[in-house]
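Novice: Sequence unavailable; structure follows:
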Ligand code: SF4
Ligand code: SF4
Ligand code: SF4
């Protein structure tokens with residue numbers, strides 16, 4: 001039973017957040033929201049321990065679809081980066097800002113890019129494409145993410161400066177159109193570069209937050225150098241080109257690790 005301690009602990013962490021937010025903000029939504037996400041994540045860890053090969057995909061679909069369909073389309077909460085700027089500028093500390101604080105700004109100090117591996121609704125679709133591992137070397141076009149980042153900031157700033165009316169409605173449509181553009185760009189780049197995660201590597205504006213914060217992540221895949229035989233298999237199965245055999249924080253593409261555990265599952269010496 002000891003091996004199931006981790007999913008139970010994870011559920012308790014999420015339940016604590018759920019109860020704290022419910023009681024401090026007097027809003028039942030937070031109890032439901034964080035309990036649901038906690039159950040999805042705990043189920044994923046449970047399935048991983050049971051060696052179910054779809055464990056990560058199950059969490060990705062449970063959380064990703066909930067965010068996209070329920071929060072985004074039904075509740076009309078813009079959870080994209082534009083929504084984050086919008087709620088930040090209005091001074092409302094609600095779903096989108098809490099989501100960014102927990103999943104993308106402060107959370108990565110604890111669990112790195114776990115969001116990207118287990119919850120993102122963009123990657124949820126991209127991971128169904130045929131290029132799980134990049135076919136070629138990495139391109140030097142990561143600067144595109146900064147253009148996307150400042151474009152989103154500029155767009156929302158302009159709406160506020162021009163005192164545009166019906167901002168809630170505009171943000172809802174920005175969510176629909178923005179998601180459409182992300183999916184279109186993500187699929188096109190995946191086929192162009194033969195790499196499902198090309199969008200994550202070069203375009204996604206959220207990585208401007210995620211990369212520096214995950215540099216300090218507590219949760220990391222580490223290599224036992226005494227067991228490693230330098231076969232290179234971990235590098236060949238990694239979707240993010242991480243040099244996981246290097247234990248230093250400066251390892252190549254270290255801030256891109258999405259904790260998918262493909263390297264761990266494939267290491268013939270159980271060195272990871
Ligand atoms: S890099 Fe962006 S698109 Fe990719 S998984 Fe992370 S948040 Fe989603
Ligand atoms: S797969 Fe395992 S043994 Fe092979 S290089 Fe990676 S860590 Fe070392
Ligand atoms: S294969 Fe390993 S190093 Fe690469 S992203 Fe997944 S967990 Fe991280």
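Specialist: Arrived safely, thanks for sending. Owing to the predicted nature of the structure, the values given are computational and were not obtained by experimental measurement. Ligands and ions are numbered 1, 2, ... in the order given.
Novice: alpha carbons only for contacts and neighbour counts from here, please
Specialist: Noted.
Novice: Next to ligand 3, which bits of the chain? Give me the list.
Specialist: Taking CA under 6 Å from any ligand atom as the contact definition, the chain meets ligand 3 at 238, 239, 240, 242, 244, 257, 258, 259, 260, 261, 262, 263.
Novice: Do I have it right that the fifth one meets residue 234?
Specialist: If I follow you right, that is residue 244. Yes. Counting by CA atoms under 8 Å, residue 244 does reach residue 234; the two are 7.2 Å apart.
Novice: re earlier: give the buried subset of the residues of the chain next to ligand 3 as a PyMOL selection command.
Specialist: To isolate the buried members of the residues of the chain next to ligand 3 in PyMOL, using 16 or more other CA atoms under 10 Å:
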select buried, resi 238+239+240+242+244+257+258+259+260+261+263
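Novice: tell me, which of the residues of the chain next to ligand 3 make contact with ligand 2?
Specialist: Residues of the residues of the chain next to ligand 3 in contact with ligand 2 (CA under 6 Å from any ligand atom): none.
Novice: could I get the residues of the chain next to ligand 3 as a markdown table with pLDDT?
Specialist: Formatted as a markdown table, the residues of the chain next to ligand 3 follow (pLDDT from 0 to 100):
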| residue | pLDDT |
| --- | --- |
| 238 | 97 |
| 239 | 96 |
| 240 | 96 |
| 242 | 96 |
| 244 | 96 |
| 257 | 96 |
| 258 | 96 |
| 259 | 94 |
| 260 | 94 |
| 261 | 93 |
| 262 | 95 |
| 263 | 96 |
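Novice: what's the pLDDT at the residue of the stretch 51-200 of the chain found nearest ligand 3?
Specialist: Residue of the stretch 51-200 of the chain nearest ligand 3, by CA to the nearest ligand atom: residue 117 (8.0 Å). pLDDT, residue 117: 93.
Novice: any idea how far the closest residue in space to it that isn't next to it in sequence lies from residue 197?
Specialist: Once flanking residues are discounted, residue 117 sits nearest to residue 258: 4.7 Å by CA to CA, 6 or more residues apart in numbering. Taking CA to CA, to the nearest Å as the measure, residue 258 falls 11 Å from residue 197.
Novice: Now list whatever residues contact both of those two.
Specialist: Residues touching both residue 258 and residue 197 by CA atoms under 8 Å, 6 or more residues apart in numbering: residue 240.
Novice: buried set for stretch 18-35?
Specialist: Of the residues in stretch 18-35, 18, 19, 21, 22, 30, 31, 33, 34, 35 count as buried by neighbour count, 16+ other CA under 10 Å.
Novice: Check the burial of whichever residue of the stretch 1-150 of the chain sits closest to ligand 1 by counting its neighbours.
Specialist: Nearest residue of the stretch 1-150 of the chain to ligand 1 (CA to the nearest ligand atom) works out as residue 116 at 3.5 Å. By other CA atoms under 10 Å, 23 other residues sit near residue 116.
Novice: these two touch, right, it and residue 123?
Specialist: Yes. Using CA under 8 Å, residue 116 is in contact with residue 123, at 7.0 Å.
Novice: gap between the closest residue to residue 3 other than its chain neighbours and ligand 3?
Specialist: Excluding the flanking residues, the one nearest residue 3 by CA to CA, 6+ apart is residue 49, at 7.5 Å. Shown here: residue 49 relative to ligand 3, a distance of 15 Å by CA to the nearest ligand atom, to the nearest Å.
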